[in-house]
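**Student:** sequence first, then the predicted structure:
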Amino acid sequence: AQSVTQPDIHITVSEGASLELRCNYSYGATPYLFWYVQSPGQGLQLLLKYFSGDTLVQGIKGFEAEFKRSQSSFNLRKPSVHWSDAAEYFCALQKYGNKLVFGAGTILRVKS
Amino acid sequence: GAGVSQSPSNKVTEKGKDVELRCDPISGHTALYWYRQSLGQGLEFLIYFQGNSAPDKSGLPSDRFSAERTGGSVSTLTIQRTQQEDSAVYLCASSFAGDYGYTFGSGTRLTVV
(Lines give C-alpha, C1' and ligand atoms only; values in the text may rest on other atoms or scores of the structure.)
Protein backbone atom coordinates (compact mmCIF):
# COMPACT_ATOMS: atom_id res chain seq x y z
CA ALA A 1 0.00 0.00 0.00
CA GLN A 2 1.12 3.50 -0.72
CA SER A 3 2.01 5.56 2.33
CA VAL A 4 4.00 8.56 3.47
CA THR A 5 5.76 8.79 6.83
CA GLN A 6 7.00 11.94 8.47
CA PRO A 7 8.87 10.71 11.54
CA ASP A 8 9.07 14.06 13.31
CA ILE A 9 5.87 15.56 14.70
CA HIS A 10 7.62 18.70 15.96
CA ILE A 11 10.94 20.28 15.13
CA THR A 12 12.41 23.42 16.68
CA VAL A 13 15.31 25.27 15.07
CA SER A 14 16.94 28.60 15.72
CA GLU A 15 16.49 31.39 13.24
CA GLY A 16 19.34 31.30 10.75
CA ALA A 17 20.06 27.62 11.33
CA SER A 18 19.70 24.98 8.66
CA LEU A 19 16.63 22.77 8.44
CA GLU A 20 15.91 19.26 7.27
CA LEU A 21 12.44 17.71 7.46
CA ARG A 22 12.27 13.99 6.85
CA CYS A 23 9.87 12.15 4.60
CA ASN A 24 9.80 8.48 3.72
CA TYR A 25 7.41 6.88 1.27
CA SER A 26 6.20 3.49 0.26
CA TYR A 27 5.13 3.08 -3.34
CA GLY A 28 5.50 0.33 -5.91
CA ALA A 29 6.36 2.52 -8.86
CA THR A 30 8.13 5.79 -9.56
CA PRO A 31 6.50 8.22 -7.17
CA TYR A 32 5.31 11.72 -7.71
CA LEU A 33 6.26 13.53 -4.51
CA PHE A 34 5.36 16.90 -3.07
CA TRP A 35 5.97 19.15 -0.13
CA TYR A 36 3.23 21.51 1.06
CA VAL A 37 3.28 24.13 3.80
CA GLN A 38 0.33 25.23 5.89
CA SER A 39 0.32 28.35 8.02
CA PRO A 40 -2.28 28.58 10.81
CA GLY A 41 -5.78 29.09 9.45
CA GLN A 42 -4.60 28.78 5.87
CA GLY A 43 -4.83 26.21 3.13
CA LEU A 44 -1.88 24.24 1.83
CA GLN A 45 0.69 25.90 -0.38
CA LEU A 46 2.80 23.84 -2.75
CA LEU A 47 6.53 24.27 -2.04
CA LEU A 48 7.97 21.90 -4.62
CA LYS A 49 7.34 18.69 -6.51
CA TYR A 50 9.33 15.79 -7.94
CA PHE A 51 8.29 13.78 -10.96
CA SER A 52 11.49 12.49 -12.54
CA GLY A 53 14.92 13.60 -13.66
CA ASP A 54 17.19 15.62 -11.43
CA THR A 55 16.84 14.28 -7.91
CA LEU A 56 17.47 17.68 -6.31
CA VAL A 57 14.39 19.84 -6.69
CA GLN A 58 14.25 23.55 -6.02
CA GLY A 59 11.11 25.15 -4.69
CA ILE A 60 9.75 28.43 -3.51
CA LYS A 61 10.89 30.35 -0.42
CA GLY A 62 14.42 28.95 -0.67
CA PHE A 63 13.42 25.33 -0.03
CA GLU A 64 14.83 22.30 -1.80
CA ALA A 65 14.26 18.58 -1.55
CA GLU A 66 16.28 15.57 -2.58
CA PHE A 67 14.76 12.36 -3.88
CA LYS A 68 16.69 9.25 -2.85
CA ARG A 69 15.21 6.12 -4.32
CA SER A 70 17.55 3.81 -2.39
CA GLN A 71 16.31 5.24 0.89
CA SER A 72 12.71 5.86 -0.21
CA SER A 73 13.13 9.38 1.05
CA PHE A 74 12.26 12.89 -0.05
CA ASN A 75 13.66 15.18 2.63
CA LEU A 76 13.02 18.91 2.62
CA ARG A 77 15.89 21.29 3.34
CA LYS A 78 16.56 24.96 3.79
CA PRO A 79 20.03 26.39 4.50
CA SER A 80 18.88 29.25 6.74
CA VAL A 81 15.49 29.34 8.42
CA HIS A 82 13.51 32.55 8.88
CA TRP A 83 10.93 33.14 11.61
CA SER A 84 8.25 33.29 8.90
CA ASP A 85 8.96 29.65 8.03
CA ALA A 86 7.22 28.53 11.22
CA ALA A 87 4.30 26.42 9.97
CA GLU A 88 3.24 22.84 9.42
CA TYR A 89 4.85 20.95 6.56
CA PHE A 90 3.32 18.03 4.74
CA CYS A 91 4.98 15.54 2.45
CA ALA A 92 2.65 13.90 -0.07
CA LEU A 93 2.67 11.19 -2.71
CA GLN A 94 0.42 11.15 -5.74
CA LYS A 95 -1.38 7.91 -6.30
CA TYR A 96 -3.05 6.63 -9.40
CA GLY A 97 -6.21 8.59 -10.08
CA ASN A 98 -4.66 11.83 -8.91
CA LYS A 99 -5.32 11.31 -5.23
CA LEU A 100 -2.70 12.76 -2.94
CA VAL A 101 -1.67 10.71 0.09
CA PHE A 102 -0.30 12.91 2.84
CA GLY A 103 2.03 12.31 5.71
CA ALA A 104 0.94 13.30 9.20
CA GLY A 105 2.83 16.59 9.02
CA THR A 106 5.74 18.17 10.87
CA ILE A 107 5.24 21.32 12.89
CA LEU A 108 8.21 23.65 12.61
CA ARG A 109 8.93 26.11 15.38
CA VAL A 110 11.56 28.78 14.92
CA LYS A 111 13.41 30.20 17.92
CA SER A 112 14.61 33.77 17.73
CA GLY B 1 -10.73 33.59 -9.99
CA ALA B 2 -7.14 33.93 -8.92
CA GLY B 3 -7.33 31.13 -6.39
CA VAL B 4 -9.58 28.44 -5.02
CA SER B 5 -12.35 30.07 -3.03
CA GLN B 6 -14.24 28.31 -0.25
CA SER B 7 -17.24 29.46 1.71
CA PRO B 8 -18.08 29.85 4.45
CA SER B 9 -14.69 30.09 6.12
CA ASN B 10 -16.23 29.02 9.42
CA LYS B 11 -19.44 27.19 10.17
CA VAL B 12 -20.90 26.23 13.52
CA THR B 13 -23.87 23.93 13.38
CA GLU B 14 -25.96 21.91 15.77
CA LYS B 15 -25.70 18.16 15.77
CA GLY B 16 -28.26 16.66 13.42
CA LYS B 17 -28.45 19.64 11.08
CA ASP B 18 -27.43 19.53 7.43
CA VAL B 19 -24.61 21.74 6.11
CA GLU B 20 -23.42 22.76 2.67
CA LEU B 21 -19.85 23.77 1.95
CA ARG B 22 -18.99 25.53 -1.28
CA CYS B 23 -15.88 25.46 -3.44
CA ASP B 24 -15.17 27.72 -6.40
CA PRO B 25 -12.10 26.35 -8.24
CA ILE B 26 -9.59 28.21 -10.34
CA SER B 27 -11.05 29.08 -13.71
CA GLY B 28 -10.15 26.45 -16.30
CA HIS B 29 -9.24 23.76 -13.78
CA THR B 30 -11.15 20.63 -14.70
CA ALA B 31 -10.14 18.56 -11.69
CA LEU B 32 -11.57 19.28 -8.24
CA TYR B 33 -10.88 17.53 -4.95
CA TRP B 34 -12.26 17.60 -1.44
CA TYR B 35 -10.13 16.68 1.56
CA ARG B 36 -10.85 16.70 5.27
CA GLN B 37 -8.29 17.70 7.89
CA SER B 38 -8.95 16.74 11.47
CA LEU B 39 -6.93 16.19 14.61
CA GLY B 40 -5.72 12.65 14.84
CA GLN B 41 -6.72 11.80 11.28
CA GLY B 42 -4.54 14.12 9.27
CA LEU B 43 -5.52 14.91 5.70
CA GLU B 44 -8.07 12.51 4.25
CA PHE B 45 -9.20 12.32 0.66
CA LEU B 46 -12.98 12.57 0.27
CA ILE B 47 -13.96 12.91 -3.37
CA TYR B 48 -12.52 13.78 -6.78
CA PHE B 49 -14.19 15.25 -9.86
CA GLN B 50 -12.54 15.21 -13.27
CA GLY B 51 -14.37 16.86 -16.13
CA ASN B 52 -17.51 14.99 -17.10
CA SER B 53 -16.33 11.65 -15.70
CA ALA B 54 -18.11 9.98 -12.83
CA PRO B 55 -16.62 11.26 -9.57
CA ASP B 56 -14.37 9.11 -7.43
CA LYS B 57 -16.31 8.94 -4.16
CA SER B 58 -14.15 6.30 -2.54
CA GLY B 59 -13.09 8.56 0.33
CA LEU B 60 -16.51 9.63 1.55
CA PRO B 61 -16.78 8.31 5.13
CA SER B 62 -20.52 7.60 5.14
CA ASP B 63 -23.68 8.03 3.12
CA ARG B 64 -24.34 11.25 5.02
CA PHE B 65 -21.68 12.85 2.85
CA SER B 66 -22.32 13.79 -0.76
CA ALA B 67 -20.89 16.22 -3.27
CA GLU B 68 -21.81 17.59 -6.62
CA ARG B 69 -20.18 19.75 -9.18
CA THR B 70 -22.38 21.87 -11.37
CA GLY B 71 -21.38 22.98 -14.83
CA GLY B 72 -17.87 21.64 -14.34
CA SER B 73 -17.08 24.49 -11.99
CA VAL B 74 -18.49 25.15 -8.52
CA SER B 75 -18.76 22.21 -6.15
CA THR B 76 -20.88 21.74 -3.05
CA LEU B 77 -20.09 19.25 -0.31
CA THR B 78 -23.17 18.36 1.72
CA ILE B 79 -23.14 16.69 5.11
CA GLN B 80 -26.51 15.48 6.33
CA ARG B 81 -27.42 14.94 9.97
CA THR B 82 -24.08 16.23 11.17
CA GLN B 83 -22.29 14.49 14.01
CA GLN B 84 -19.61 15.81 16.33
CA GLU B 85 -16.99 13.67 14.61
CA ASP B 86 -17.65 15.63 11.42
CA SER B 87 -15.95 18.64 13.02
CA ALA B 88 -12.89 19.33 10.88
CA VAL B 89 -11.46 21.64 8.27
CA TYR B 90 -12.75 20.79 4.82
CA LEU B 91 -10.30 21.68 2.08
CA CYS B 92 -11.01 21.99 -1.60
CA ALA B 93 -8.36 21.91 -4.31
CA SER B 94 -8.29 22.11 -8.07
CA SER B 95 -5.89 21.45 -10.94
CA PHE B 96 -5.70 21.18 -14.69
CA ALA B 97 -6.45 17.74 -16.09
CA GLY B 98 -3.39 15.54 -15.94
CA ASP B 99 -1.48 17.99 -13.80
CA TYR B 100 0.19 16.93 -10.61
CA GLY B 101 0.00 18.89 -7.41
CA TYR B 102 -3.07 20.91 -6.65
CA THR B 103 -3.93 24.43 -5.57
CA PHE B 104 -5.79 24.39 -2.27
CA GLY B 105 -8.35 26.78 -0.91
CA SER B 106 -8.18 28.12 2.65
CA GLY B 107 -10.77 25.65 3.84
CA THR B 108 -14.02 25.70 5.78
CA ARG B 109 -13.73 25.05 9.49
CA LEU B 110 -16.82 23.10 10.54
CA THR B 111 -17.72 22.80 14.19
CA VAL B 112 -20.61 20.58 15.21
CA VAL B 113 -21.94 21.36 18.68
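**Tutor:** The structure has been received and is ready for your questions. Numbers count the residues shown, from 1 in each chain, chains lettered A, B, ... in the order given.
**Student:** and the residue most central in space within chain B, backbone torsions?
**Tutor:** Geometric centre of chain B, nearest residue: residue B:34, 3.4 Å, by C-alpha atoms, centre = their mean. Main-chain dihedrals, residue B:34, degrees, to the nearest 10: phi -120, psi 130.
**Student:** now do the contacts for it.
**Tutor:** B:23, B:45, B:46, B:47, B:48, B:67, B:75, B:77, B:90, B:91, B:92 (C-beta atoms under 8 Å, 6 or more residues apart in numbering or on different chains). Where you see a C-beta, it was placed from the backbone N, CA and C, and this is true even at glycine.
**Student:** ok, now residue A:62?
**Tutor:** Contacts of residue A:62 (C-beta under 8 Å, 6+ apart): A:78, A:79, A:80.
**Student:** on that earlier part again, give me the element the spatially closest residue to the residue nearest to the centre of chain B that is not a sequence neighbour is part of.
**Tutor:** The shortest distance from residue B:34 to any non-neighbouring residue, by C-beta to C-beta, 6 or more residues apart in numbering or on different chains, is to residue B:46 (4.1 Å). Residue B:46 belongs to strand B:42-50 when assigned by DSSP states H and E.
**Student:** packing partners for that strand?
**Tutor:** Packing partners of strand B:42-50 (3 or more C-beta pairs under 8 Å, 6 or more residues apart in numbering or on different chains; DSSP states H and E): strand A:100-102, strand B:31-38, strand B:65-69, strand B:75-79.
**Student:** run the last query once more with 6 Å
**Tutor:** Judged by 3 or more C-beta pairs under 6 Å, 6 or more residues apart in numbering or on different chains; DSSP states H and E, strand B:42-50 is in contact with strand B:31-38.
**Student:** adjacent strands (with direction) for the strand it packs on?
**Tutor:** Its sheet considered, strand B:31-38 pairs with strand B:42-50 (antiparallel), strand B:88-95 (antiparallel) by DSSP bridges.
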